[in-house]
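# Provide a 3D model corresponding to the input given below.
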Amino acid sequence: MHCILFYKYHPLTDDKTLLETYRSATENLCFALNLKGRILIGLSKNGEGINGTLAGAKDDLDAYVDCMLGRDCCSADPHRRDAVNTFRQTSKQFFDGLNAPELLLDSPNDFKWSSNSPDATLKESGDNKNNNNNDDGDDQWFPDLNIKIVKEIISTGGVLSNISTTE
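Have a look, this model is predicted:
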């Protein structure tokens, strides 16, 4: 089991109904890739952007990272390729409608990776009381997928919400 963390400030829209198109496409991509975790999508045309933590199989996370870097999905799995291509088409249409550049992360270094199961140290020490034989750790990282539209992708209590990232 692997986990990625990422964020990027990027202009989106302050129209919640319109932003729901992007949120829904993101959710569909993550479901198709069997990813669990949390993604916050900022409701702001000034540049709130995206903040996420996802867990899943390495190949599924690689497909997500390639997608968010604007790369063609290199996966030999047609299911992954189709999921990424569907998201990219919807994303491109969404950002074309906003007359804004597509939200893409700049570098693979924008993703912070972890591959340790949350209870790896317990397993190693033999202190794992639940005797769960599921070694993939999937259910221990995140119980589900939660993608929501928020006012701030990193909570500041509104202190920074009037600062534009587009200047």
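
# Please enumerate the helices of this structure.
16-32, 58-68, 78-98, 120-125, 138-141 (DSSP state H).

# Lowest mean pLDDT across these, which one is that?
Lowest mean pLDDT of those: helix 120-125, a mean of 42.

# what residue is smack in the middle of the protein?
Nearest to the mean C-alpha position of the chain, by C-alpha atoms, centre = their mean, lies Gly52 at 4.5 Å.

# What is the neighbour count of Asp15?
When neighbours are defined as other C-beta atoms under 10 Å, Asp15 has 12 of them. Placement of C-beta: from N, CA and C, glycine included.

# Would you format the helices of the chain as JSON lines with mean neighbour count and distance to Lys151 included?
What follows is the helices of the chain, written out as JSON lines (neighbours: other C-beta atoms under 10 Å; distance: least, C-beta to C-beta, whole Å):
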{"stretch": "helix 16-32", "mean neighbour count": "17", "distance to Lys151": "10"}
{"stretch": "helix 58-68", "mean neighbour count": "20", "distance to Lys151": "22"}
{"stretch": "helix 78-98", "mean neighbour count": "16", "distance to Lys151": "18"}
{"stretch": "helix 120-125", "mean neighbour count": "11", "distance to Lys151": "36"}
{"stretch": "helix 138-141", "mean neighbour count": "16", "distance to Lys151": "26"}
